[in-house]
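1. Here is my input, please return the structure:
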Amino acid sequence: MLPIRCLLLDDEPLARQVLRTYAERLPFLHVAGECANALEAYEFLSQQEVDLIFCDIEMPRISGLDFLKALPHRPLVILTTAYEQYALAGFELDVVDYLLKPVAFDRFWRALEKVKSRLAGQQGLPTFPSAPAEAAPVPTPEAFITIKENSSLIKVALADIHYVEAMKDYVKIFTPERRLVAYLTLKKLEETLPADQFTRAHKSYIVRNAGIQALQGNMLELATGVQIPVGMQYREAVLRVLHQHLVRR
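-> Numbers count the residues shown, from 1 in each chain. So this is what the prediction gives:
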């Protein structure tokens with residue numbers, strides 16, 4: 001299969017930078033161009049073809065969905081947005097995937113595997129090897145996540161996260177230097193964080209495993225001295241992490 005040519009369409013420069021950085025890690029993906037709005041993207045596509053568009057939804061003047069509906073010949077599309085409510089509209093447009101910001105690399109990579117499969121089907125190529133072959137290497141998980149705080153995308157090192165607290169539709173991420181507030185649900189963040197490094201301790205809290213110090217009753221003590229309540233349904237998972245730490249020590 002030839003390299004997949006893609007267009008990055010997002011009005012936020014940092015969002016495009018994250019996608020470009022991820023794309024550079026995949027040898028089969030080539031970024032043909034970047035556009036900050038739908039008008040720029042329409043002009044770009046009138047001059048050259050791409051196989052795939054990474055399309056943001058909330059953009060000034062013309063939304064990503066309206067832009068896609070207006071395209072006479074639409075390439076494959078992966079929607080990138082911070083808002084879950086557009087999922088149904090996206091799939092009605094037959095998009096390949098729907099990535100919620102902040103986008104983790106492993107989620108990005110899985111979306112591209114779907115693109116490869118879709119393109120192989122269009123080209124009449126087999127979507128699985130006809131003979132045994134070595135498995136493709138699994139990309140190394142990122143050592144950071146990217147979150148959106150206000151209008152900025154911020155890279156947060158996993159090793160810097162002490163714990164995360166839910167606050168309705170937001171989460172508070174506590175690091176040594178600051179407290180970050182991101183428009184994101186705790187459930188979505190839990191899906192993004194590596195399960196072998198973070199544990200849900202309560203319906204409102206996620207903690208980094210390496211920072212767990214002790215469990216006293218229903219309170220979890222972290223190495224920083226902070227105490228986190230432990231919910232009954234999460235107690236077994238917390239005890240399992242504590243046991244693993246004791247074995248290593």
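2. May I have the beta-bridge partners of I154?
-> I147 (DSSP bridges).
3. Give the phi and psi angles for the closest residue to P3 other than its chain neighbours, as a check.
-> Nearest non-adjacent residue to P3, counting by Cβ to Cβ, 6 or more residues apart in numbering: H30, 4.4 Å away. C-beta coordinates here come from the backbone N, C-alpha and C atoms, glycine included. When read as degrees, to the nearest 10, the backbone of H30 gives phi -120, psi 120.
4. Worst mean pLDDT across the helices and strands of this structure, which element?
-> Lowest by mean pLDDT, DSSP states H and E among the helices and strands of the chain is helix 87-92, with a mean of 64.
5. Tell me which helix or strand comes right after it.
-> strand 97-100 (DSSP states H and E).
6. Which positions within the longest helix along the chain qualify as buried?
-> In the chain, assigned by DSSP state H, the helix with the most residues is helix 105-122. Residues of helix 105-122 classed as buried: F105, F108, A111, L112, V115, K116, R118, L119 (neighbour count, 16 or more other Cβ atoms under 10 Å).
7. The residue nearest to P3 pairs with what?
-> R5.
8. That one and Y83, how far apart?
-> 28 Å (Cβ to Cβ, to the nearest Å).
9. Quick check on the two: which one has the bigger neighbour count.
-> Under the criterion of other Cβ atoms under 10 Å, the comparison of H30 against Y83 puts H30 first, with 16 against 11.
10. Is the more buried one in contact with C6, as I believe?
-> Yes - between H30 and C6 there is a contact under Cβ atoms under 8 Å: 7.0 Å.
11. who touches both of the two?
-> With contacts taken as Cβ atoms under 8 Å, 6 or more residues apart in numbering, H30 and C6 have A23 as neighbours in common.
12. what stretches of this structure score poorly on pLDDT?
-> Low-confidence segments of the chain (pLDDT under 70): 1, 84-91, 122-142, 244-249.
13. how about the helices in it?
-> Per DSSP H, the chain carries helices over the ranges 13-23, 38-47, 64-70, 87-92, 105-122, 186-192, 235-248.
14. Kindly reformat the ones you listed as a markdown table containing distance to L180.
-> Formatted as a markdown table, these follow (distance: least, Cβ to Cβ, whole Å):
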| stretch | distance to L180 |
| --- | --- |
| helix 13-23 | 15 |
| helix 38-47 | 30 |
| helix 64-70 | 26 |
| helix 87-92 | 25 |
| helix 105-122 | 19 |
| helix 186-192 | 11 |
| helix 235-248 | 24 |
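15. wait, which of the ones you listed is closest to L153?
-> Closest to L153 of the helices of the chain, according to Cβ to Cβ: helix 13-23, at 3.8 Å.
16. In contact with the residue positioned nearest the centre of the chain: list those residues for me.
-> Geometric centre of the chain, nearest residue: V103, 2.1 Å, by Cα atoms, centre = their mean. Residues in contact with V103, defined by Cβ under 8 Å, 6+ apart, are V18, L19, Y22, T80, T146.
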